[in-house]
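>>> sequence below, structure please.
(one chain, ligands or ions: 2)
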Amino acid sequence: MKIITVIGARPQFIKAAAVSNIIREQNEEVLIHTGQHYDENMSRIFFDELQIPKPDYNLCVGSGGHGTQTGNMLIKLEEIYLKEKPDMILVYGDTNSTLAGALCGSKMLIPVAHIEAGLRSFNMTMPEEQNRILTDHISKFLFVPTISAINNLKKEGLEKNVYNVGDVMFDANIHFRKKAEQKSNIIDTLGLYHNEYILTTIHRAENTNDINRLKNIITALNNSGKTIVLPLHPRTKRYMADYNLKFMDNIKVIEPVGYLDMISLEEHAAKIVTDSGGVQKEAFFMKKPCITMRDETEWIETVENGWNTIVSTDSNKILDAIINFFPKNNQNNIFGDGNAASKIVDIISKNF
Ligand code: UD1
Ligand code: UDP
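Numbers count the residues shown, from 1 in each chain. Ligands and ions are numbered 1, 2, ... in the order given. This is a model prediction of the structure:
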């Protein structure tokens, strides 16, 4: 079977690291990188460190408005789909690359498989929510990571070909955690101590593109009195400069890091403060208290389990959680058994 996988943004490289090599054991895979993320440390570092197969195509679409970016991807994908004649298109998550990959396949009547299907924030102002709903409704195979995702799909009338396989990011986490232990020296390089700093990421459009929300977040981090390590997403860096916001000395701002360094930073952090989807899950995998600077989350099981607290961008709530939030419960198994990728490939092969 010939499968075209479309990826383009940082978390998709990590998901592909768990899945691509398994696809290739018995199938032909053509890997397309849309070029949505392109900086060395937002793209190439993941391919090098995680042994992701080299993309067969890079569409080099770069940054831009949603229409421009998605439209440019569609134009270029159509040409490749026509030439490669795949049996199936595989996409991950909820980015513009996800929607473009799926939409182009659907228009050309090529079956689409969506990994990380069924997630919902119920906030249609998020580009990700639009992308994931549209992608789910045009996909033939819906691979969901959690039970709530099955229910979300059911409410939208999607019950056929829905498979709860667990989360491919959990697969990646298990696999690369050992490697991170051996290869990453970021803790020493940054002069950090185990459990004595907070790891933070900020990149969600709703937080960066709104000066008040971003200001509240930075105010809370600046006033926390804690050592905070912040690998800064280029989007956030840009808006910090535009809004003339400044970090205080307790915040160690670093460039975005590769996945092995990121896992190591997560492993040794006391707490994690984030607006990232992937990082919320990894906090759970690593048994770290997670403070989520969003109004809602798609990963509700992490909140129900008591390991994640939703604080929006209220400075006082962020500060309070940094000091006082400690999970009380043992963790339930939410994200599967770490074999999501094999299950996906197996299901596709048997049901195609
Ligand atoms: C995208 C996804 C988001 C995902 C995130 C993962 C969409 C709509 N959003 O958000 O769901 O959580 O990726 O990180 O698809 N930039 C660079 N260099 C890069 C990449 C981006 O400088 O390599 C800067 C550009 O100024 C760009 C901005 O970051 O305009 C935003 O990039 P974009 O890919 O549009 O959105 P993300 O915020 O990265
Ligand atoms: N990540 C990384 N380096 C960083 C920040 C994040 O490797 O500097 C990883 C993180 O561990 C997770 C993924 O990128 O696996 C999450 O991506 P991001 O937060 O950009 O997007 P989201 O998951 O919110 O879509």
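>>> contact residues of the stretch 101-250 of the chain facing ligand 2?
201, 203, 231 (CB under 6 Å from any ligand atom). Quick note: C-beta positions are derived from backbone N, CA and C, even for glycine.
>>> which ones are touching the first one?
It stands for residue 201. If you count contacts by CB atoms under 8 Å, 6 or more residues apart in numbering, residue 201 has them with 230-231, 233, 274-276, 279.
>>> next one: the second one
Contacts of residue 203 were listed using CB under 8 Å, 6+ apart, and they are 233, 235-236, 275-276.
>>> switch to 10 Å and redo it
Counting by CB atoms under 10 Å, 6 or more residues apart in numbering, residue 203 makes contact with 10, 231-237, 239, 256, 274-276, 279.
>>> and for the nearest residue to it once chain neighbours are set aside, the neighbour number?
The shortest distance from residue 203 to any non-neighbouring residue, by CB to CB, 6 or more residues apart in numbering, is to residue 233 (3.6 Å). For residue 233, the neighbour count with other CB atoms under 10 Å is 21.
>>> what's the separation between residue 233 and residue 198?
17 Å (CB to CB, to the nearest Å).
>>> picking up where we left off before, is it true that the residue nearest to residue 203 touches residue 42?
Yes. In this structure, residue 233 is within contact of residue 42 by CB atoms under 10 Å, at 8.2 Å.
>>> joint contacts of the two?
Listed as contacting both residue 233 and residue 42 by CB under 10 Å, 6+ apart are 10, 255-256.
>>> report how many residues lie close to the residue nearest to residue 45 when sequence neighbours are not counted.
Leaving aside its chain neighbours, residue 45 sits nearest to residue 258 (4.2 Å; criterion: CB to CB, 6+ apart). Close neighbours of residue 258, defined as other CB under 10 Å, add up to 21.
>>> then residue 263?
Residues near residue 263, counting by other CB under 10 Å: 25.
>>> isn't residue 254 up against residue 229?
Yes. Residue 254 is within contact range of residue 229, at 6.8 Å (criterion: CB under 10 Å).
>>> look at those two and report which has more neighbours.
Shown here are residue 254 and residue 229; by other CB under 10 Å, residue 229 has more neighbours (21 against 16).
>>> ok, that one to residue 46 distance?
For residue 229, the distance to residue 46 equals 19 Å [CB to CB].
>>> before we move on, what about residue 126?
From residue 126 across to residue 46, the span is 24 Å (CB to CB).
>>> go on, residue 251?
25 Å.
>>> equivalent analysis for residue 24, please.
As judged by CB to CB, residue 24 and residue 46 stand 17 Å apart.
>>> ok, now residue 39?
11 Å.
>>> anything in contact with each of these two?
Counting by CB under 10 Å, 6+ apart, the common neighbours of residue 39 and residue 46 are residue 10.
>>> only alpha carbons, please: show the lengthiest helix in the chain as PDB.
Looking across the chain with DSSP state H, the single longest helix is helix 66-84. This file holds the C-alpha atoms of helix 66-84, laid out as PDB (Å, rounded to 0.1, in the frame of the first residue of the first chain):
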ATOM      1  CA  HIS A  66      -4.300  31.100   7.100                       C
ATOM      2  CA  GLY A  67      -5.700  31.300   3.600                       C
ATOM      3  CA  THR A  68      -2.400  31.900   1.900                       C
ATOM      4  CA  GLN A  69      -0.600  29.200   3.800                       C
ATOM      5  CA  THR A  70      -3.400  26.600   3.400                       C
ATOM      6  CA  GLY A  71      -4.100  27.500  -0.200                       C
ATOM      7  CA  ASN A  72      -0.400  27.300  -1.200                       C
ATOM      8  CA  MET A  73      -0.200  23.900   0.400                       C
ATOM      9  CA  LEU A  74      -3.300  22.700  -1.500                       C
ATOM     10  CA  ILE A  75      -1.900  23.800  -4.900                       C
ATOM     11  CA  LYS A  76       1.400  22.000  -4.300                       C
ATOM     12  CA  LEU A  77      -0.200  18.900  -2.700                       C
ATOM     13  CA  GLU A  78      -2.600  18.400  -5.600                       C
ATOM     14  CA  GLU A  79       0.300  18.100  -8.100                       C
ATOM     15  CA  ILE A  80       2.100  15.600  -5.900                       C
ATOM     16  CA  TYR A  81      -1.000  13.500  -5.200                       C
ATOM     17  CA  LEU A  82      -1.600  13.400  -9.000                       C
ATOM     18  CA  LYS A  83       1.900  12.200  -9.700                       C
ATOM     19  CA  GLU A  84       2.300   9.800  -6.800                       C
END
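>>> and the following helix or strand past that helix, what's its mean pLDDT?
Downstream of helix 66-84, the next assigned helix or strand under DSSP states H and E is strand 88-92. Averaged over strand 88-92, pLDDT sits at 98.
>>> sheet partners, orientation included, of strand 88-92?
strand 2-7 (parallel), strand 112-115 (parallel) (DSSP bridges).
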